[in-house]
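1. got a predicted structure plus its sequence, pasted below:
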Amino acid sequence: MQSRVDYVRDIKPLLARRCCACHASLKQESGLRLDTGQAARKGGDGGPAVVPGKSHESRLIAKVTASDPAERMPPASEGDGLDASQVALLRAWIDQGATSPADELPEPDPRDHWSFRPPVKAAVPMIADAARIKNPIDAFLAAESARQGLSPRPTADRAMLLRRVYLALAGLPPTRARKKTARICRYDGGDGNGPRRKIRSPGDGRRVANGHLPAVAAVFCVPGGESVHVGNTSP
Ligand code: HEC
């Protein structure tokens, strides 16, 4: 007499490993799913796969114990059949009532994953304070901030911008002399090249390695579309 079988611990992993490639979300051979206990009891085209309390009447047991290789599950192409202890577990589960948790969820269909769905253009939210919106992404951020009750920080002032750029490019705050002479110029448009062109020009940002560029570009782009021309950043 087999001791108490636990569906989640003993049965579900076995069916998942040996049966679910063909009997779950991706394929339902013969209309049969075996990814939940309920689906196993419901069965496939040939009727219930599992008859609670009656392993000898259950198609699932007939299939895993079939001596005809053309009948046996899993099919011969999938390797060996189940071993005696695995069959004994399945029989015991069924004879003990074939119970399974009521809240068990079927495998999600992998084809429903968002990465397989065609992208759909989202409507740009309407924002009362239109002056804040410099490109459509700002509108999404503003809408979500409003939903969370957050108000935007003011744009960083010139001294703060300069400090950020210096820390990013030179690793040091700007010298007093540089604070006076550094020019802050308008970011010159949507081509995405403004800051990068400046950083790449000779003498700019000697410490800038490629890996720093995203951080630097962020510093340049965040404060309301302004960029900072820092000239030679050598201390
Ligand atoms: C490689 C795919 C594959 C795997 C893995 C597989 N099956 Fe099947 N199964 C099939 C196909 C194909 C059929 C329909 C043909 C048949 O009945 O032989 C089927 C039919 C069945 C049926 C009959 C369903 C009905 O209502 O007609 C049962 C029961 C079954 N399988 C149980 C299992 C069990 C239990 C396992 C794991 C131990 C398993 N299968 C693993 C492909 C597979």
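-> Yep, it's here.
2. all contacts plus neighbour counts: C-alpha atoms, from now on.
-> OK.
3. and the closest residue to Gln38 other than its chain neighbours, what is it in contact with?
-> Leaving aside its sequence neighbours, Gln38 sits nearest to Ser100 (CA to CA, 6 or more residues apart in numbering; 7.2 Å). Shown in contact with Ser100 (CA atoms under 8 Å, 6 or more residues apart in numbering): 7-8, 36-38.
4. show me which residues of the chain sit near the ligand.
-> Those residues of the chain that sit near the ligand, judged by CA under 6 Å from any ligand atom, are 15, 18-19, 21-22, 29-30, 32, 43-47, 49, 59-60, 63-64, 71, 73-75, 78.
5. what residues does stretch 69-86 touch?
-> Under CA under 8 Å, 6+ apart, the answer for stretch 69-86 is 14, 18-19, 63-66.
6. gap between the two ends of it?
-> The straight-line separation of the ends of stretch 69-86 (CA to CA, to the nearest Å) is 18 Å.
7. report the buried residues of it.
-> Buried positions in stretch 69-86, judged by neighbour count with 16 or more other CA atoms under 10 Å: 72-75, 81-82.
8. any weak-confidence spans in the chain?
-> For the chain, the stretches flagged by pLDDT under 70 are 1-2, 181-235.
9. which residue sits farthest out from the middle of it?
-> In the chain, the residue that sits farthest from the middle, by CA atoms, centre = their mean, is Ala177; the gap is 48.5 Å.
10. now that residue: which helix or strand?
-> Taking DSSP states H and E as the definition, Ala177 sits inside helix 176-181.
11. residues in contact with that helix?
-> Contacts of helix 176-181 (CA under 8 Å, 6+ apart): 159, 162.
12. list the buried residues of it.
-> Quick answer for helix 176-181 (16+ other CA under 10 Å): Arg178.
13. what does stretch 129-143 give?
-> When neighbours are counted by 16+ other CA under 10 Å, the buried residues of stretch 129-143 are found to be 133, 138-140, 142-143.
14. quick one on the thing from earlier: narrow the contacts of Ser100 to those in helices?
-> Applying DSSP state H to those, the entries found in helices are 37-38.
15. could you flag which of the contacts of Ser100 are buried?
-> Neighbour counting with 16+ other CA under 10 Å marks 7, 36-38 as buried within the contacts of Ser100.
16. picking up where we left off before, for the residue farthest from the centre of the chain, give its distance to Ala168.
-> Counting by CA to CA, the gap from Ala177 to Ala168 is 18 Å.
17. again, but for Ala76
-> On the measure of CA to CA, Ala76 and Ala168 end up 62 Å apart.
18. show me the buried residues of stretch 69-86 that map onto helices.
-> Per DSSP H, the buried residues of stretch 69-86 never map to helices.
19. farthest-separated two in the residues you listed?
-> Maximum pairwise distance among the buried residues of stretch 69-86 (CA to CA): 10.6 Å, between Pro75 and Leu82.
20. what's the domain layout of this structure?
-> According to automatic domain parsing, the chain comprises the domains 7-106, 119-155, 158-219.
21. give me whichever of those domains is most buried.
-> Greatest average neighbour count among these goes to domain 7-106 (a mean of 17), per mean count of other CA atoms under 10 Å.
22. what about the helices in this protein?
-> Using DSSP H, helices in the chain cover 12-18, 37-42, 59-65, 84-95, 136-147, 158-169, 176-181, 194-200, 213-221.
23. can I get those helices in TSV with distance to Arg117?
-> Shown next, in TSV, are the helices of the chain (distance: least, CA to CA, whole Å):
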stretch	distance to Arg117
helix 12-18	26
helix 37-42	27
helix 59-65	35
helix 84-95	38
helix 136-147	21
helix 158-169	39
helix 176-181	51
helix 194-200	34
helix 213-221	29
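24. cool, thanks, talk later.
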